[in-house]
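Visitor: coords below, sequence missing:
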């Protein structure tokens, strides 16, 4: 049976074709790999658990944990004085002349709250708290700017862990409130940025998915 042999010129052309094809294939693979490497990874989901944990870490460092409550009580002032939480002091001018009096925190009182504004009338007492808190994340929605999320949550004093001095005079049912936290994407991680005022919250251009489920979590002081 006759055998067919490639001429030298045809063999060279065949080798060149194989090499050219291999080079094109390699270039295509490298192009795909480089393209994939240059694309940033998608941002992680901001879950209620992650948002609660981030707030917990901030409050544990004594940062952004001062929430104000306003309430009425006829016996709050007397109870606090009796328990050495605050005392009546004179307010003086630069010459040392007394012109008014006010209630100020004692060293003991400053361990449980941040500031007070107490009214002799018993109406409209203001106390700036410092925890410890529990948090309930009510929903997470897209912020008004790209790479932002609005986290709506409810906070309340963790009564089981609250100091006895706090429990002695301040009513438990008044120690709660609602806030909205702004989270921003930083190095592909969601980080707490600030609290938002209700008038600052604007709906995003695209409403996106519905709010996430509610989750409760005890947080450290």
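Guide: Cool, got the structure. Since we're looking at a predicted model, the values are computed, not measured.

Visitor: Pull up the per-residue confidence for the closest residue to residue 119 other than its chain neighbours.
Guide: Spatial nearest neighbour of residue 119, chain neighbours left out: residue 125 (5.8 Å); criterion: C-beta to C-beta, 6 or more residues apart in numbering. (C-beta placed from N, C-alpha, C; glycine too.) Note on residue 125: pLDDT of 97.

Visitor: next one: residue 30
Guide: What the model reports for residue 30 is a pLDDT of 57.

Visitor: again with residue 131
Guide: Residue-level confidence at residue 131 comes out at 93, pLDDT.

Visitor: Phi first, then psi, for it.
Guide: phi 100, psi -170 (degrees, to the nearest 10).

Visitor: Isn't it up against residue 158?
Guide: Yes. Between residue 131 and residue 158 there is a contact at 7.4 Å, judged by C-beta atoms under 8 Å.

Visitor: of those two, who's got more company?
Guide: Neighbours were counted for residue 131 and for residue 158 using other C-beta atoms under 10 Å; residue 131 has more, 24 against 17.

Visitor: and the gap between the more buried one and residue 54?
Guide: Separation of residue 131 from residue 54 (C-beta to C-beta, to the nearest Å): 15 Å.

Visitor: name the element residue 128 belongs to?
Guide: strand 125-129 (DSSP states H and E).

Visitor: packing partners for whatever helix or strand comes next after that strand?
Guide: If you walk from strand 125-129 toward the C-terminus, the next helix or strand you reach (DSSP H and E) is strand 133-142. Other helices and strands packing on strand 133-142, by 3 or more C-beta pairs under 8 Å, 6 or more residues apart in numbering; DSSP states H and E, are helix 48-60, strand 148-157, strand 215-218.

Visitor: Looking at the last one now, give me its mean pLDDT.
Guide: In this model, strand 215-218 has an average pLDDT of 40.

Visitor: what does the second one give?
Guide: Taken as a whole, strand 148-157 carries a mean pLDDT of 96.

Visitor: Please apply the same query to the longest one.
Guide: Per-residue pLDDT values across helix 48-60 average out to 95.

Visitor: what packs against the following helix or strand past it?
Guide: Next helix or strand after helix 48-60 toward the C-terminus (DSSP H and E): strand 68-71. On a contact count with 3+ C-beta pairs under 8 Å, 6+ apart, strand 68-71 meets strand 125-129.

Visitor: Break down this protein into its helices, ranges please.
Guide: For the chain, the helices defined by DSSP state H occupy 8-38, 48-60, 76-82, 164-169.
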